[in-house]
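Participant: please work out how this folds:
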Amino acid sequence: MTIALITLTVCSLAFAFYVWKSHDRIAEKKADAMLAKWKEKEEKSIREDAYQRSRAVSFGKTIEHYVPFMENFPVDPKDAKFFGKPIDFIAFTESGSKTKSAIHFIEVKSGNSNLNARQENIKKAILEGRIHWHEYNVDGIWAHETKDQHLKSNKGKVRSQKSVLRG
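Facilitator: Residues are numbered from 1 along each chain as shown. This is a model prediction of the structure:
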């Protein structure tokens with residue numbers, strides 16, 4: 001009888017272990033299936049979001065070239081020069097006038113987009129008057145002299161002029 005009880009106990013433990021392992025495999029398969037379904041759903045959502053953002057960026061990059069010709073643009077379109085990065089336009093208005101000439105920095109935004117960190121820094125520098133004028137003139141090497149002659153005769157003659165404009 002003792003042998004029968006030991007055999008029954010061992011068989012019961014083996015069966016319990018088998019059920020426990022089977023349950024783990026079934027649960028793991030269910031979890032894998034749920035994860036695969038979730039990935040598929042989220043991948044579609046992520047791809048759609050990326051597509052929408054890409055369209056918005058492409059629209060912005062295209063439209064910014066036409067903005068100077070739109071109503072309420074702050075300067076005459078012929079005065080605006082497109083740069084793109086980090087600021088979209090710089091305009092030089094009334095440059096022939098000694099008292100009315102002005103420089104305009106213009107950033108084009110569409111939708112609910114905001115200035116990035118670099119653009120914010122540029123805006124702050126402009127508003128705080130940290131604007132500088134640099135004129136850098138370098139004399140060239142002429143055909144009538146060698147490079148060594150030019151360097152000896154023009155040593156220290158590179159001019160740089162700097163003044164601060166305050167508004």
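
Participant: for the most centrally placed residue in the chain, what are its contacts?
Facilitator: The residue lying closest to the centre of the chain (C-alpha atoms, centre = their mean) is N116, at 7.6 Å. When contacts are counted by C-beta atoms under 8 Å, 6 or more residues apart in numbering, N116 touches P86. Where C-beta positions appear, they are placed from N, C-alpha and C, glycine not excepted.

Participant: same thing but 10 Å
Facilitator: The neighbourhood of N116, defined by C-beta atoms under 10 Å, 6 or more residues apart in numbering, consists of K85, P86, E107, I122.

Participant: go through the residues you listed and flag which are in helices.
Facilitator: Judged by DSSP state H, the subset of the contacts of N116 located in helices is I122.

Participant: low-confidence ranges in the chain?
Facilitator: Along the chain, segments meeting pLDDT under 70 span 139-145, 147, 150-151, 153-167.

Participant: repeat that with 80
Facilitator: 21-22, 24, 60-61, 110-112, 134-167 (pLDDT under 80).

Participant: pull the contacting residues for the residue lying farthest from the centre of it.
Facilitator: Taking C-alpha atoms, centre = their mean as the measure, the residue most remote from the mean C-alpha position of the chain is M1, 80.3 Å away. For M1, the contact set (C-beta under 10 Å, 6+ apart) is empty.

Participant: repeat that for the one 10 residues further on.
Facilitator: C11 makes no contacts at all, as judged by C-beta under 10 Å, 6+ apart.

Participant: quick check, it in a helix?
Facilitator: Yes - under DSSP: H, G, I helix; E, B strand; the rest coil, C11 falls within a helix.
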